[in-house]
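> sequence first, then the predicted structure:
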Amino acid sequence: MRIIIADDHTIVREGVKLLLTEAFPLAEIVDVSDSVDLMKHIYKGKWDVVICDISMPPGDSGLESIKLIKEHSPKTPVIILSMHAPEQYAVRAIKAGARGYLTKGVATLELVKAVNTVLSGRKYLSADVADVLADAFENIDNNQSIESLSDREYEVFKLLASGKSISDIAKQLILSTNTVSTFRARIFDKMGFHNNLELIRFAVNNNLV
């Protein structure tokens with residue numbers, strides 16, 4: 001069995017690798033620090049499980065990696081292991097093609113079970129993730145649904161909600177300020193916001209920051 005771990009924090013990769021080595025002593029386990037290296041390994045060979053973070057520089061590149069992995073190898077299961085609560089990214093990750101979503105806080109308790117579950121061909125959804133998905137389904141017709149935003153718009157939304165300026169966001173995402181301003185305008189139009197304060201209030205009330 002071959003497992004690859006992608007996370008930009010060395011201590012997380014080492015901890016996950018140790019956990020999986022104990023559970024699967026015969027497995028080949030490789031770890032990488034960003035989505036570029038991850039995709040290089042994906043294109044070079046076959047992997048039985050991919051364990052991937054969402055927030056790897058230059059942004060939410062884990063979501064894009066899921067899509068690329070699904071295009072290249074549709075049957076390869078991807079488990080998202082993220083610091084973000086399920087309310088923030090679980091729906092997007094599952095829509096992108098992930099077979100499971102775990103927060104790093106429960107990784108030691110649930111990761112091995114999640115790996116075994118996706119290897120059997122099933123999705124691994126913890127109780128909190130299942131609740132988030134159910135809520136998202138119920139609110140699918142809500143005009144102010146966060147799921148109406150594209151992945152890039154959501155990325156900008158998150159940064160605006162954290163109080164970052166247009167120029168700060170442009171530098172972080174390696175975009176022009178005009179492009180970021182365009183994303184901000186689209187977000188406001190789709191969500192019905194009139195100013196940043198309304199955006200921040202919405203993010204706080206919905207546990208998105």
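That came in fine, so what should we check first? Numbering: from 1, shown residues only.

> residues touching the closest residue to S73 other than its chain neighbours, list them.
Leaving out its chain neighbours, the residue that sits closest to S73 by C-beta to C-beta, 6 or more residues apart in numbering is I42, at 6.8 Å. C-beta coordinates here come from the backbone N, C-alpha and C atoms, glycine included. By C-beta atoms under 8 Å, 6 or more residues apart in numbering, the residues touching I42 are 4, 50, 68-69, 72-73, 76.

> most surrounded residue in these?
The most crowded member of these, judged by other C-beta atoms under 10 Å, is V50 (25 neighbours).

> got a list of what the residue at minimal distance from the centre of the chain touches?
The centroid of the chain falls nearest to I54 when counting by C-alpha atoms, centre = their mean (3.5 Å). Shown in contact with I54 (C-beta under 8 Å, 6+ apart): 60-63, 80, 82, 84, 89, 93.

> return the closest of those with respect to S181.
When those are compared for distance to S181 (C-beta to C-beta), D60 wins out at 19.4 Å.

> returning to that earlier point: could you point out which element follows the helix or strand hosting the residue nearest to S73?
Under the criterion of DSSP states H and E, I42 resides in helix 35-44. Using DSSP H and E, the helix or strand that follows helix 35-44 in sequence is strand 49-52.

> no more questions from me, cheers.
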